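Visitor: Please find the sequence and the predicted model below.
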Protein chains: 2
Amino acid sequence: MLILLTNDDGITAPGLLAVYRELIKMGEVHVVAPETVQSATGHGITLAKPLLTSQVTIDEGVVGTAVDGRPADCVKLAVSQILPRQPDLVISGINSGANVGINVIYSGTVAAAIEAAFLGLPSVALSLFLKSDVPTDYARAARWSMRVIDDLLNKGLGPGQVASVNFPALGPDAETPPIRYCRQCTRPWVDTYEKRLDPRGRAYYWNSSVFKLGETESDTDVAFLRQGYTTVTPLHFDLTHYPLLARWK
Amino acid sequence: MLILLTNDDGITAPGLLAVYRELIKMGEVHVVAPETVQSATGHGITLAKPLLTSQVTIDEGVVGTAVDGRPADCVKLAVSQILPRQPDLVISGINSGANVGINVIYSGTVAAAIEAAFLGLPSVALSLFLKSDVPTDYARAARWSMRVIDDLLNKGLGPGQVASVNFPALGPDAETPPIRYCRQCTRPWVDTYEKRLDPRGRAYYWNSSVFKLGETESDTDVAFLRQGYTTVTPLHFDLTHYPLLARWK
């Protein structure tokens, strides 16, 4: 099994290495990931400038290709140029932070997985919810990842199919969180900005939004993640709003 | 009527000014747009650095706010900080180049419109298909835009609803292209890269993909745009793949 591993936190992020250590038990893993942090870059791609690449030793015996581009660039370039053949599976993550609700749209982790699906590959985005009062344990989240990937492969994760997986923030003694297949919450959050003036009197703004799992319906990724489940949401890339299309026609 | 106008080609792009000249016949237009070209940046947002702003005179009597961020940042910042009240309509464009098929996912123009929908506003993304053998006429596309916007407002473009509009590349003597309401084509294109070596022997890659309206089904945006129609596709931001969710559950 040939697996492409990427992320949006950059090639040296601990979440990537943790899941690499588990994935190599399943097959041959090629790492092609952004050189630098690409959080919240959404589904951007690089067309007007070249993509520089370099070989990076991530850890003892773990070498990958760093790309100075976006997560979606990494998938495109890996599949088109770097891998010896089409991968059997594309994994993106483990992201430091949840990607539930409308954050799915901003997430580079998810964009990489969706890009893989465009290209007709099965893919899984992995994200770990972080809470300041809970120690972050990527190695454990990586073990949980293998359970979810197994479950998805058993159900039949097909070409062009994407699953976005989020792991809860649980204390060190917690049991393995059960999996809930659920839909994406689409409620907005409230944006806040702090306005400041530069030394020359020009306005600039810091985004000061507090990202938390907000109010939601009981059957969404946000609700189940908050309750301590591992959530799995299948995603698609057909943005057509069919009910509205039918009405407007 | 208060209208927010943004784009992804940057605040001085001719497509923005052309549609501004038409929109001011409808109401009060506030321009908040990226300082620089943001093509293919997708739905990225800026969280880790501040958004610098400046007042820019775009043309005689036309002043806007330039933001050194992404199209989605412009919408967030405009709605949260810059506009005197919630806009009644958000317009993004006119983009230089079509945004049909899976390009919808990469498009900053469309991301700005989707961001507005998140925030509960009605929004329209406008894009003009360019062909090297057809003169580009943004003023004419802007007049076409008003017809489409009128049609959408009559149908009832509601809060949180997004329409992505694409205008065909037609010769100067062509009649006004009729409107077709249609779905997004989801077929992939083939990525190509040119591999080169830098003076120190490191590999870098130029994306050399040819973006053209490829093979598609007869009822998609790609098909109708190629036939010379103005296409209108309603979009949504719930990425849940419901049929797959039902199967996996």
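Guide: It's in. Since the model is a prediction, treat every value here as computed from it, not as a measurement. Numbers count the residues shown, from 1 in each chain, chains lettered A, B, ... in the order given.
Visitor: what comes into contact with the helix or strand of chain A with the lowest mean pLDDT?
Guide: Lowest by mean pLDDT, DSSP states H and E among the helices and strands of chain A is helix A:103-106, with a mean of 90. Residues outside helix A:103-106 that contact it (Cβ atoms under 8 Å, 6 or more residues apart in numbering or on different chains) are A:40, A:42, A:110, A:164, A:184, A:211, A:233, A:235, B:43-45, B:72, B:114, B:118, B:237, B:239. For every residue, glycine as well, the C-beta is placed using N, CA and C.
Visitor: most centrally placed residue in chain A?
Guide: Note on chain A: the residue nearest the mean C-alpha position is A:Thr109, at 2.6 Å, using Cα atoms, centre = their mean.
Visitor: if I look at it, how far off is chain B?
Guide: A:Thr109 sits 13 Å away from chain B, going by Cβ to the nearest Cβ, to the nearest Å.
Visitor: so is that residue in a helix, a strand, or just coil?
Guide: helix (DSSP: H, G, I helix; E, B strand; the rest coil).
Visitor: Tell me if I'm right that it and A:Gly10 touch.
Guide: No: the pair A:Thr109 / A:Gly10 is not scored as a contact, 11.6 Å apart, by Cβ atoms under 8 Å.
Visitor: if we can go back for a sec, who are the contact partners of the residue nearest to the centre of chain A?
Guide: A:Thr109 makes contacts with A:7-9, A:71, A:92-93, A:95, A:99, A:125-127, as judged by Cβ under 8 Å, 6+ apart.
Visitor: and if we set it to 7 Å?
Guide: A:Thr109 makes contact with A:7-8, A:71, A:92-93, A:95, A:99, A:125, A:127, according to Cβ atoms under 7 Å, 6 or more residues apart in numbering or on different chains.
Visitor: Quick check: which helices or strands does the top helix by length along chain A pack against?
Guide: As assigned by DSSP state H, the longest helix anywhere in chain A is helix A:138-155. If you count contacts as 3 or more Cβ pairs under 7 Å, 6 or more residues apart in numbering or on different chains; DSSP states H and E, helix A:138-155 packs onto helix A:14-23, strand A:89-96, strand A:123-128, strand A:162-167, strand A:230-235.
Visitor: Distance from the fourth one to the middle of the chain?
Guide: Here the centre of mass of C-alpha atoms in strand A:162-167, compared against the chain's by Cα atoms, centre = their mean, to the nearest Å, lies 8 Å away.
Visitor: partners of it, with directions?
Guide: strand A:123-128 (parallel), strand A:230-235 (antiparallel) (DSSP bridges).
Visitor: Check the offset of the first one from the chain's centre.
Guide: Computed by Cα atoms, centre = their mean, the separation of strand A:123-128 from the middle of its chain amounts to 5 Å.
Visitor: who's sitting farthest from the centroid in chain A?
Guide: What lies farthest from the middle of chain A is A:Arg200; by Cα atoms, centre = their mean that is 39.6 Å.
Visitor: my read is that one is in a strand, agree?
Guide: No: per three-state DSSP, A:Arg200 lies outside any strand segment and is coil.
Visitor: Kindly provide the distance from it to B:Ser54.
Guide: Distance of A:Arg200 to B:Ser54, computed by Cβ to Cβ, to the nearest Å: 11 Å.
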